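[1] Attaching a predicted model along with its sequence, questions to come.
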Amino acid sequence: MNATAETRQFEAEVAQVLHLVTHSLYSHKEIFLRELISNASDACDKLRFEAIANPELMAGGGELHIDVSFDKDARTITIADNGIGMSRDEVVANIGTIASSGTRRFLAAMANEQKADARLIGQFGVGFYSAFVVADKVTVLTRRAGASASEGVKWESDGQGEYTLEAVELAERGTTVVLHLKADEDEFLSDWKLRSLVHRYSDHVAFPIRMPKDAGTEDDTATGDWETINAASALWTQPKSEISDEDYQSFYKSLGHDFNDALAWSHNRVEGNQSFTTLLYLPSQPPFDLMMGGRDERKGLKLYIKRVFVMDAAEELLPNYLRFVRGVVDADDLPLNVSRELLQHNRQLERIKASCTKRVLDLIESLANNEPEKFATFIKAFGNTLKEGIGEDTANRERIAKLLRFASTKGDAGKQTVSLDDYIGRMQEGQDTIWYITAESYAAAAGSPQLEAFKAKGIEALLMFDRIDEWMLGYLQEYDGKKLQSVAKGELPLDEAAKQQHEEAAKAAEPLVAKLKELLGDRVNEVRVSARLTDSPSCLALSDFDMAPHFARLMREAGQAMPESKPTLEINPQHDLLKRVEAETDDARATDLATLLLEQAEIAAGAPLPDPAAFVQRMNRVLLG
């Protein structure tokens, strides 16, 4: 055995995290204990699962547990578990380097925070490094279950950019983390303080968390006189009548690495041919990476089988659009040696998934019907994510659509509070269409010239300005028997009098339309008199299958190939600008005016101008007369 310590450099991003937590994080320092206990609990869970196929891994270790102790004289806090432990390679992989983009997202999030907050650590899967918030040196002693005593590993670092690795003799499996506290962190060298933190953050960890009965020195821990200080039971297995709201919230915070209370939860036991328990939580705010490619990296639900942890399995237990849900599922009758591959093709799990989805939608509906303030909080946090379900979950499309909220020409300015049912309830007599407009912002939607005729007739239109809306509407084409249609697409429904008036206006403007077509040439597909406009001179009109210009631009910016298409320009012949074009005899000035009519319509629709510099020059020429 080589007893010489090997010194290694941290991966660059880990070094950044360590520098940040060592020098910058100063609020909620106590989070370190929750994170290290959570890691220890995971290690115990993993050993229990691996021991199903390999029972000898449990040999000699006794009951799985987590021990917390401190030494006032040495100024250390120790968190030890007899879980799965780590090999030398696993120590390097788990502590020295991080392949996950969670580290990068953590650094990005912290760069945007005005107040450096230690509680953010757990949300990014870099919880071990919270040790350096309170410690200026951390020592890890670990031996993997099934390995010999000589295969122990000692890892040590002061968090300054490097760490040492050393082979050591360890009699027992598991991991011990020793924190050498900084000079100003004496508050944690207290039996009362540590016990209170365990109760606050880790009471419902499903393994015994033990502390010496008389804590404070190494001699106290050597006697073996330990007592369990947490509930040490699976909360979800207890009767609901015996669980307080405070218990539910405490469990949620330890489960979700969250400092905030959960918004709501659903705890249910299903009995029958297939029995299982679910405890599902709605958070009050989204994790930082919810919309940052974190669909597969963050796992919302933990799967247990007969109280044995199996895996984080959000994609198997809930559809992606509900990935913000936190909680546990404990099944009685899935095979204990189940693998991720088997899970993906398991009919029993499909039934559990359908049940979880129903429970979550029930929970959201309950908020909508009974707790409007909480529902508003939920929609603000997760409304966009919920919209993904319109395309992903055909079976529940109508239920999901009922829960969505939008801004409207008859709603509070800028507020997304109008439901599709609200809209239908305010429809005019004879109206059978739900009208909407999509744009890149509320102001662009509310101010669109395409709405003018609707406002004049008192017809409500939904204002949609979230990036996902255009995609969602490709799947949401009807609700409660009513067709959804963009105000920018197709012909507007006109009564006989209005239709006759429009036809007469179009007939009278034929020479003007012909002139504009000639002036604009191949920049337009068509020019026609608009039934949409009352005040503005021009707007773009789309065919039923055209993509909104602002969305097409976003897709191109994301690297998607978009088919080239020429716009249809609609005009208001009664507007003074159109009359000026009609009367203009100078071809150059007429071309400038016609082109500006098209370009202002493109700007209002969110389409990019093909030549912004030429637009500016053209505008200047017209202004200077």
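    Happy to help now that I have it.
[2] Going by C-alpha atoms from here, please, whenever you check contacts or count neighbours.
    Will do.
[3] what's the domain layout of the protein?
    Here the domain parsing of the chain from automatic domain parsing is 6-232, 236-374, 405-486, 496-623.
[4] In JSON lines: the ones you listed, plus distance to Gly389 and mean pLDDT.
    Supplementary listing: those in JSON lines, determined by distance: least, C-alpha to C-alpha, whole Å; pLDDT from 0 to 100:
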{"stretch": "domain 6-232", "distance to Gly389": "24", "mean pLDDT": "81"}
{"stretch": "domain 236-374", "distance to Gly389": "5", "mean pLDDT": "81"}
{"stretch": "domain 405-486", "distance to Gly389": "9", "mean pLDDT": "93"}
{"stretch": "domain 496-623", "distance to Gly389": "19", "mean pLDDT": "88"}
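[5] nearest to Arg399, of those?
    Arg399 lies closest to domain 236-374 among the domains of the chain, at 7.8 Å (C-alpha to C-alpha).
[6] and that closest one, how far apart are its ends?
    Terminal residues of domain 236-374 are spaced 24 Å apart (C-alpha to C-alpha, to the nearest Å).
[7] Quick one: distance of that domain to the chain centre.
    15 Å (C-alpha atoms, centre = their mean, to the nearest Å).
[8] now the strands for the stretch 301-450 of the chain?
    With strands called from DSSP state E, counting those that start in this stretch, the stretch 301-450 of the chain shows them at 301-305, 308-312, 326-331, 407-408, 433-438.
[9] Export those as JSON lines, with columns for distance to Arg618 and mean neighbour count.
    Formatted as JSON lines, the strands of the stretch 301-450 of the chain follow (distance: least, C-alpha to C-alpha, whole Å; neighbours: other C-alpha atoms under 10 Å):
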{"stretch": "strand 301-305", "distance to Arg618": "58", "mean neighbour count": "22"}
{"stretch": "strand 308-312", "distance to Arg618": "59", "mean neighbour count": "19"}
{"stretch": "strand 326-331", "distance to Arg618": "56", "mean neighbour count": "24"}
{"stretch": "strand 407-408", "distance to Arg618": "35", "mean neighbour count": "24"}
{"stretch": "strand 433-438", "distance to Arg618": "29", "mean neighbour count": "22"}
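[10] For Glu504, find the nearest of these.
    Closest to Glu504 of the strands of the stretch 301-450 of the chain, according to C-alpha to C-alpha: strand 433-438, at 26.1 Å.
[11] The closest one pairs with which strands, and in what direction?
    When pairs are called by DSSP bridges, strand 433-438 turns out to pair with strand 462-464 (parallel), strand 482-486 (parallel).
[12] next helix or strand past the first one?
    Translated: strand 462-464. helix 469-473 (DSSP states H and E).
[13] Now the element after that following helix, going C-ward?
    Next helix or strand after helix 469-473 toward the C-terminus (DSSP H and E): strand 478-479.
[14] list the helices and strands that following strand packs on?
    The contact analysis (3 or more C-alpha pairs under 8 Å, 6 or more residues apart in numbering; DSSP states H and E) places strand 478-479 against no helix or strand.
[15] hey, what's Tyr304 bridged with?
    Beta-bridge partners, per DSSP bridges, of Tyr304: Phe309, Asp330.
[16] Distance of it relative to Thr228?
    Relative to Thr228, Tyr304 is positioned 23 Å away (C-alpha to C-alpha).
[17] With Arg523 instead?
    In terms of C-alpha to C-alpha, Arg523 sits 77 Å off from Thr228.
[18] hang on, the earlier thing: in a markdown table: the domains of the chain, plus distance to Ile390.
    Listed next are those as a markdown table, based on distance: least, C-alpha to C-alpha, whole Å:
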| stretch | distance to Ile390 |
| --- | --- |
| domain 6-232 | 28 |
| domain 236-374 | 9 |
| domain 405-486 | 6 |
| domain 496-623 | 18 |
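[19] Would you tell me which of the ones you listed gets closest to Glu392?
    Counting by C-alpha to C-alpha, Glu392 lies closest to domain 236-374 out of the domains of the chain; the figure is 7.5 Å.
[20] Name the nearest residue to Leu235, ignoring sequence neighbours.
    Spatial nearest neighbour of Leu235, chain neighbours left out: His204 (6.3 Å); criterion: C-alpha to C-alpha, 6 or more residues apart in numbering.
[21] mind listing what that neighbour touches?
    For His204, the contacting residues are 230-235, 250-251, 254, by C-alpha atoms under 8 Å, 6 or more residues apart in numbering.
[22] likewise Leu512?
    Applying C-alpha under 8 Å, 6+ apart, the residues contacting Leu512 are Glu582.
[23] quick one: which helix or strand includes it?
    Going by DSSP H and E, Leu512 is part of helix 510-520.
[24] buried stuff in that helix?
    Of the residues in helix 510-520, 512-513, 515-517, 519-520 count as buried by neighbour count, 16 or more other C-alpha atoms under 10 Å.
[25] and those residues as a markdown table, adding distance to Ala594?
    Listed next are the buried residues of helix 510-520 as a markdown table, based on distance: C-alpha to C-alpha, whole Å:
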| residue | distance to Ala594 |
| --- | --- |
| Leu512 | 11 |
| Val513 | 11 |
| Lys515 | 9 |
| Leu516 | 6 |
| Lys517 | 9 |
| Leu519 | 7 |
| Leu520 | 7 |
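[26] Out of these, the closest to Asp466 would be?
    Minimum distance to Asp466 across those is 32.5 Å, recorded for Leu520 (C-alpha to C-alpha).
[27] Against Arg467, how distant is Ala548?
    11 Å.
[28] repeat for Ser38
    From Ser38 to Arg467 the distance is 37 Å (C-alpha to C-alpha).
[29] Quick check: PyMOL command selecting the buried ones in the contacts of His204.
    With 16+ other C-alpha under 10 Å as the criterion, this PyMOL line picks the buried residues out of the contacts of His204:
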select buried, resi 230+231+232+235+250+251+254
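[30] show me where the stretch 201-350 of the chain has helices.
    218-222, 245-256, 314-317, 340-343, 347-370 (DSSP state H, counting those that start in this stretch).
[31] Which one, of those, ends up nearest to Thr568?
    Nearest of the helices of the stretch 201-350 of the chain (C-alpha to C-alpha): helix 347-370, 41.2 Å.
[32] returning to what we had before: distance to Leu349 added to the strands of the stretch 301-450 of the chain, as TSV?
    Converted to TSV, the strands of the stretch 301-450 of the chain look like this (distance: least, C-alpha to C-alpha, whole Å):
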stretch	distance to Leu349
strand 301-305	10
strand 308-312	13
strand 326-331	9
strand 407-408	38
strand 433-438	38
